[in-house]
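Peer 1: I would like the atomic coordinates for the input below:
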Amino acid sequence: MTIRLHFGGGWRRWLGARLGGDEALGDRAWRRILHCAGAGVLLYYVLPPRFLVVVSTEDALLLALAFVLALEAARHLGGLDLPTIREHERARVASYAYYAVALVVAVLLFPFPVALVAVLGTAFIDPLIGELRRSERARRLYPVLPFAAYAAMGAGGLVGLAAWRPLPAVLLATVAGTIAVAVERPRLQGLDDDLAMTLGPALAMEGLRLLAPGFFR
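Peer 2: Numbers count the residues shown, from 1 in each chain. Got it, this is the predicted structure:
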């Protein structure tokens, strides 16, 4: 028995029509919106330690991750039908599950400046890359535009939200952007780009920060 957690594509058809297209456009747009919404995990740093009263913010984050992984398990074992699952994901772990793991690991294991750049980069630059690949004309902007956008957003976040000095912020964001764009493109068996694009730059940034803690701040 298949349990469907969507309205048969009605919302995506409506969204696609509002954007001047069909259900396929609405499906793509909804996936992009959900991907960008992943940046909301950064609220972890501003919410009170026990904003839900009965559980800590960290426990709430882990429970949310457990829920996402339970959905993915139910999809494979119980016939659960989820929206926005692409054809190549039906027989494997879907990207949204890898993305959830990457986001939670980023904010729980890395300091705020590192998680800030890594999360914002994956949340917004990965969808940008996906859109650029949809036409030959837009593809010419790859990889310069995604790299520049990643570096600018990362440096801006470090300066504006983490109170870093401009030079180390630009250098760290440049390293992170280079790695993120490089690891997003390869399609390797068992390695999801959302996971690699988040944790690859995070590991590199944290390594540099630990090597020169007096500079990268």
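Peer 1: alpha carbons only for contacts and neighbour counts from here, please
Peer 2: Fine.
Peer 1: what about the closest residue to L141 other than its chain neighbours, how many residues nearby?
Peer 2: Spatially, and ignoring its direct neighbours in sequence, L141 is nearest to L132 (7.3 Å; C-alpha to C-alpha, 6 or more residues apart in numbering). Using other C-alpha atoms under 10 Å, L132 is surrounded by 19 other residues.
Peer 1: do the same with H88
Peer 2: H88: 9 neighbours (other C-alpha under 10 Å).
Peer 1: next one: it from S95, what distance?
Peer 2: According to C-alpha to C-alpha, to the nearest Å, H88 and S95 sit 10 Å apart.
Peer 1: got it, and I85?
Peer 2: Counting by C-alpha to C-alpha - I85 and S95 are separated by 9 Å.
Peer 1: tell me where this structure has helices.
Peer 2: Assigned helices in the chain, in chain order: 10-18, 23-37, 57-77, 95-109, 112-120, 126-132, 136-139, 144-160, 166-184, 193-211 (criterion: DSSP state H).
Peer 1: list the contacts for the closest residue to A138 other than its chain neighbours?
Peer 2: For A138, ignoring the flanking residues on the chain, the nearest one in space by C-alpha to C-alpha, 6+ apart is L132 at 4.9 Å. Contact partners of L132, counting by C-alpha atoms under 8 Å, 6 or more residues apart in numbering, are A138, R139, L141, Y142.
Peer 1: how about a cut-off of 10 Å?
Peer 2: D126, A138, R139, R140, L141, Y142, P143, L145, P146 (C-alpha atoms under 10 Å, 6 or more residues apart in numbering).
Peer 1: scan those residues and report the most crowded one.
Peer 2: Most surrounded of the contacts of L132: other C-alpha under 10 Å gives D126, at 25 neighbours.
Peer 1: quick check, it in contact with D194.
Peer 2: Yes - D126 lies in contact with D194 (C-alpha atoms under 10 Å); the separation is 7.7 Å.
Peer 1: quick one: common contacting residues for the two?
Peer 2: With C-alpha under 10 Å, 6+ apart, D126 and D194 have common neighbours H35, A180, E184.
Peer 1: show the pLDDT at the last one.
Peer 2: For E184, the pLDDT comes out at 86.
Peer 1: report how many residues lie close to it.
Peer 2: Neighbours of E184 (other C-alpha under 10 Å): 20.
Peer 1: nothing else from me, thank you.
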